[in-house]
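Engineer: Provide a 3D model corresponding to the input given below.
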Amino acid sequence: MTHMSVQPGFTIASGGYTADIARTGAALRGLRRDGVALTEEWPLGTTPPVSAGVVLAPWPGRTEDGIYTFGGEVHRLTVTHQDTATANHGLVRAIDWDDVEIATDALTLAVDVGHHPGWPYDLHLRIRYAVGDDGLSCSFEAHNTGTVDLPFVVGFHTYLRVGATPIDDCTLELGARRWQPLDERLLPTGPTRPTEGTVYDFTGPAPLAGVQLDTPFTATDNRYVLRAPNGEVTLWTDDRLPWAQVFTAGVEAARGFTGHPAQRALAVEPMSGPGNALHTGTDVATISPGGVWACSWGIR
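Structural biologist: Just a heads-up that it's a prediction; the model follows:
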């Protein structure tokens, strides 16, 4: 059934899973399995704490000085984070998406990005959330509706949890064989490095107690598992999302999340390219006029 409504959020449910999605940023505002929270949650109508759940497009992370080159032209995005002089997390995380299809177990949202300083391209985004016996699945498409090639990178700012269990009582398994350092502006610097034998080795379950992360990982097995003593949650991706930014938010930053006492939070952000990708060109997709770039991921 196709709708155009003004409601700020939506709930879909099936197979023991219930997902809450906000119109703003097409954000996954909560996912529960048999009543147990698998993602961080926050009140509808409020700003997502630490960008939780939102779609990061047409670039995730920070773009250095807001500058990138594409098609032989230099583009200057609006700098949105003054402390690091970077353009952060794309153009669609704080705007309302249109609902184009609503069902009891699925929801499709869409948005036309529009032209912005440094972004002279026509881009249509579409995301479909669905729940069932296998958990939550997300299908995402980026359509070039213009007449020239455009650059594209995407990320999804997902925060995982297992009920009210603090992440410091959990282990994390990434299966990532490479990580990349960040500089003082939180921009990736230098080539990726092996995780083996380092504090960034999460190829097997590793305790999160006391661990501080704001780290790009790649060369993964497309599976990210947070394990608590009383259960676990798995985020999976397809091969179009070979990167993940893993971030541990401090107690104060995560205070806006609900359903548990104030505690740290864990973001596992699947991405098609790393932070600063537009500036460096790393894993930037080119979408031709009329072309579509697609990916999928999910949580169970």
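Engineer: use CA for all of it now, contacts and neighbours both
Structural biologist: Fine.
Engineer: residues contacting Asn276?
Structural biologist: The contact partners of Asn276, by CA atoms under 8 Å, 6 or more residues apart in numbering, come to 60-64, 187-188.
Engineer: please tell me I have it right and Ala253 contacts Pro49.
Structural biologist: Yes: applying CA atoms under 8 Å, one finds Ala253 in contact with Pro49, separated by 7.1 Å.
Engineer: is it true that Thr158 touches Val55?
Structural biologist: No: in this structure Thr158 lies outside contact range of Val55 using CA under 8 Å: 9.1 Å.
Engineer: with adjacent residues omitted, what lies nearest to the residue nearest the centre of the chain?
Structural biologist: The C-alpha lying nearest the average C-alpha coordinate of the chain belongs to Phe156 (CA atoms, centre = their mean; 1.4 Å). Among residues not flanking Phe156 along the chain, Val55 sits closest, at 4.9 Å (CA to CA, 6 or more residues apart in numbering).
Engineer: from Glu141, how far out is that neighbour?
Structural biologist: Val55 sits 12 Å away from Glu141, going by CA to CA, to the nearest Å.
Engineer: more neighbours: which of those two?
Structural biologist: Higher neighbour count among Val55 and Glu141: Val55, with 29 against 16, using other CA atoms under 10 Å.
Engineer: buried residues in stretch 223-241?
Structural biologist: Applying a neighbour-count criterion of 16 or more other CA atoms under 10 Å, the buried positions in stretch 223-241 are 223-228, 232-237, 240-241.
Engineer: adding distance to Asp183, write these out as JSON lines.
Structural biologist: Shown next, in JSON lines, are these (distance: CA to CA, whole Å):
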{"residue": "Arg223", "distance to Asp183": "27"}
{"residue": "Tyr224", "distance to Asp183": "25"}
{"residue": "Val225", "distance to Asp183": "27"}
{"residue": "Leu226", "distance to Asp183": "27"}
{"residue": "Arg227", "distance to Asp183": "30"}
{"residue": "Ala228", "distance to Asp183": "32"}
{"residue": "Glu232", "distance to Asp183": "33"}
{"residue": "Val233", "distance to Asp183": "31"}
{"residue": "Thr234", "distance to Asp183": "30"}
{"residue": "Leu235", "distance to Asp183": "28"}
{"residue": "Trp236", "distance to Asp183": "28"}
{"residue": "Thr237", "distance to Asp183": "27"}
{"residue": "Arg240", "distance to Asp183": "26"}
{"residue": "Leu241", "distance to Asp183": "23"}
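Engineer: which of those residues fall within strands?
Structural biologist: 223-228, 232-237 (DSSP state E).
Engineer: mind listing the helices for this protein?
Structural biologist: For the chain, the helices defined by DSSP state H cover 277-280.
Engineer: list the contacts for Ala85?
Structural biologist: So Ala85 contacts 64-66, 79 (CA under 8 Å, 6+ apart).
Engineer: whoops, I mixed them up, Arg93
Structural biologist: 24-27, 51, 54-57.
Engineer: Asp96: which of the buried residues of stretch 223-241 is nearest?
Structural biologist: The shortest approach to Asp96 among the buried residues of stretch 223-241 belongs to Leu241, at 24.2 Å (CA to CA).
Engineer: so that closest one touches Asp283, yeah?
Structural biologist: No: assessed by CA under 8 Å, Leu241 is found out of contact with Asp283, at 10.0 Å.
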